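>>> Task: produce atomic coordinates for the following.
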Amino acid sequence: MNQDMVELIAAEDESYSNDDLFNINSWGADPSIRELVQAYEEDDILKPELQRNYVWDEKEASRFVESILLGLPVPSIFLANRPNGKRLIIDGFQRIMTVFYFMKNTWAGTSKEFRLYNTDLINERWRGKVYEELSEDDKRRFR
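Below is the predicted model of the structure:
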């Protein structure tokens, strides 16, 4: 390795030692699904440009909704606070949008209804249903 390369690597290493660049605070919060949906609807949580667009198909989305209905643990959602009080979605956009679309009964922002997949992949008690057709006990899982 030549001297210029060594100096370049050393300079890069120094730039990453600035504590201000990595001043990260985290804390646990446990908002309900309804709170996340409402925050998204009111533009309090936003999809940053670096996040990919919604890509789940109806089968994937239905399986995620079924996981919630079954009471299975689902992965955490990570948000970043902005100085203006808004939060950016760092991880969890597909999950947030899936429950948003399901609760609003729209498939991926279209005029099509979001009905749970109607195959053996989904528990028969929820197959083909929209949010409003769920029992009150099942709807409570989204609150």
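
>>> use CA for all of it now, contacts and neighbours both
OK.

>>> What about the nearest residue to Pro48 once chain neighbours are set aside, how many residues nearby?
Counting by Cα to Cα, 6 or more residues apart in numbering, Pro48 lies nearest to Leu88, which is 6.1 Å off, once chain neighbours are set aside. Each residue near Leu88 was counted by other Cα atoms under 10 Å, and the total is 20.

>>> Show me what Leu88 is bridged to.
Applying DSSP bridges to Leu88 gives these bridge partners: Leu46, Ala80.

>>> how far away is it from Gln94?
Using Cα to Cα, to the nearest Å, Leu88 is found at 14 Å from Gln94.

>>> sorry, back to before: my read: the residue nearest to Pro48 touches Leu50, true?
No: here Leu88 does not reach Leu50: they are 10.4 Å apart, not a contact under Cα atoms under 8 Å.

>>> any idea how far the closest residue to Ile33 other than its chain neighbours is from Arg52?
Nearest residue to Ile33, sequence neighbours excluded (Cα to Cα, 6+ apart): Phe142, at 5.3 Å. Noted for Phe142: a distance of 25 Å to Arg52, by Cα to Cα.

>>> Could you do Asn118 as well?
Taken as Cα to Cα, the span from Asn118 to Arg52 is 27 Å.

>>> the more surrounded of those two?
Asn118 (15 against 10).

>>> so is that one in a helix, a strand, or just coil?
coil (DSSP: H, G, I helix; E, B strand; the rest coil).

>>> re earlier: what's the spacing between the residue nearest to Pro48 and Tyr117?
Taking Cα to Cα, one finds Leu88 at 30 Å from Tyr117.

>>> Ok, Phe100 next?
16 Å.

>>> for Asp57, same thing?
Taking Cα to Cα, one finds Asp57 at 10 Å from Tyr117.
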